[in-house]
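> Okay, predicted coordinates and the sequence, questions at the end:
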Amino acid sequence: DAGVIQSPRHEVTEMGQEVTLRCKPISGHDYLFWYRQTMMRGLELLIYFNNNVPIDDSGMPEDRFSAKMPNASFSTLKIQPSEPRDSAVYFCASRLAGDHTDTQYFGPGTRLTVL
Amino acid sequence: DAKTTQPNSMESNEEEPVHLPCNHSTISGTDYIHWYRQLPSQGPEYVIHGLTSNVNNRMASLAIAEDRKSSTLILHRATLRDAAVYYCILRDVGDNYGQNFVFGPGTRLSVLP
């Protein structure tokens, strides 16, 4: 299995531009999570989906952030308009319901820099 | 979520055992203890988890105190590739699959050649 795939790996954009981050979870996994990691705040959950349905988006910082999961194999996290404080590494993770180890499998992350 | 406390950083020499402590004095009876680690420039990865008994796998061992208020992740022979941030996380087994893992600052392990 290829694991969780994220694209792009690096993104540099200017303030005010729209940014779209992409994630392909591990095939067959029921849960998908979006995390953000910064030096100041560490690793924090933004939103998660179960069977393509958003369950908890309380971690989404503000309305500029939106996430979708149109099917079981694809999710996007969009920031519009982007701001310098959005600069961070964004991770996607997936998990299989019923896995007794409760393991989340993380992708390699997207490093976003907003100038 | 019950909180965990870990040292900010630790050092080890290569090929020596490493004991990474975690305090979780407010742990509940249904909390599993999970350990993840994050290698440089990578996402976190699962290491090991347990409930009450000590656990071993190919990566590490987990020693859980009898009162469950603390645990220790043991790397039997540290290698340079084990240099990472190690996170100790509590996860309620009764949670309806919904909760995320709450990652604290973790312990940054440095391995010296």
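Here it is on my side, so go on. Numbering: from 1, shown residues only, chains lettered A, B, ... in the order given.
> how many neighbours does B:Val85 have?
Neighbour count for B:Val85, taken as other CB atoms under 10 Å in any protein chain shown: 21. (C-beta placed from N, C-alpha, C; glycine too.)
> Distance of it relative to A:Gly16?
Note on B:Val85: its distance to A:Gly16, by CB to CB, to the nearest Å, is 33 Å.
> and what of A:Asn52?
According to CB to CB, A:Asn52 stands 30 Å off from A:Gly16.
> Between these two, tell me which one has more neighbours.
Counted by other CB under 10 Å, A:Asn52 and A:Gly16 do not tie: A:Asn52 has more neighbours, with 15 against 10.
> check contacts around that one.
A:Met69, A:Pro70, A:Asn71, A:Ala72 (CB atoms under 8 Å, 6 or more residues apart in numbering or on different chains).
> Looking at those residues, which are in strands?
A:Met69, A:Pro70, A:Asn71 (DSSP state E).
> beta partners for the residue nearest the centre of chain B?
Centroid check for chain B by CA atoms, centre = their mean gives B:Trp35 as the closest residue, at 3.3 Å. Beta-bridge partners for B:Trp35, by DSSP bridges, are B:Ile48, B:Cys88.
> I figured it hits B:Val47, correct?
Yes: using CB atoms under 8 Å, B:Trp35 is in contact with B:Val47, at 4.2 Å.
> Could you pull up phi and psi at B:Arg81?
Main-chain torsions, B:Arg81, degrees, to the nearest 10: phi -70, psi -10.
> quick one: contacts for it?
B:Arg81 is in contact with B:Leu39, counting by CB under 8 Å, 6+ apart.
> can you tell me how far it sits from chain A?
Separation of B:Arg81 from chain A (CB to the nearest CB, to the nearest Å): 17 Å.
> just B:His49 next, same as before
From B:His49 across to chain A, the span is 6 Å (CB to the nearest CB).
> wait, that residue sits on B:Ala60?
No: applying CB under 8 Å, one finds B:His49 not in contact with B:Ala60, separated by 10.7 Å.
> Name the residues contacting each of the two.
Common contacts of B:His49 and B:Ala60 (CB under 8 Å, 6+ apart): B:Trp35.
> low-confidence ranges in chain A?
For chain A, residues meeting the criterion pLDDT under 70 lie at A:1.
> Can you name the residue of chain A nearest to chain B?
Here the residue of chain A nearest chain B is A:Phe106; by CB to the nearest CB that distance is 3.0 Å.
> residues contacting the nearest residue in space to that residue that is not next to it in sequence?
Nearest non-adjacent residue to A:Phe106, counting by CB to CB, 6 or more residues apart in numbering or on different chains: B:Gly43, 3.0 Å away. B:Gly43 sits next to A:Val4, A:Phe91, A:Ala93, A:Phe106, A:Gly107, A:Pro108, A:Gly109 when contact means CB under 8 Å, 6+ apart.
> farthest pair in those?
A:Ala93 and A:Pro108 (11.1 Å; CB to CB).
> shared neighbours of the two, anything?
What both A:Ala93 and A:Pro108 touch, as defined by CB under 8 Å, 6+ apart, is the set A:Val4, B:Gly43.
> I'd like to know which residues of chain B are adjacent to chain A.
Applying CB under 8 Å from any CB of the partner chain, we find that chain B lies next to chain A at B:32, B:34, B:38, B:41-46, B:49, B:91, B:97-98, B:100-105.
> doesn't A:Thr113 make contact with A:Ser87?
Yes: here A:Ser87 reaches A:Thr113: they are 5.1 Å apart, a contact under CB under 8 Å.
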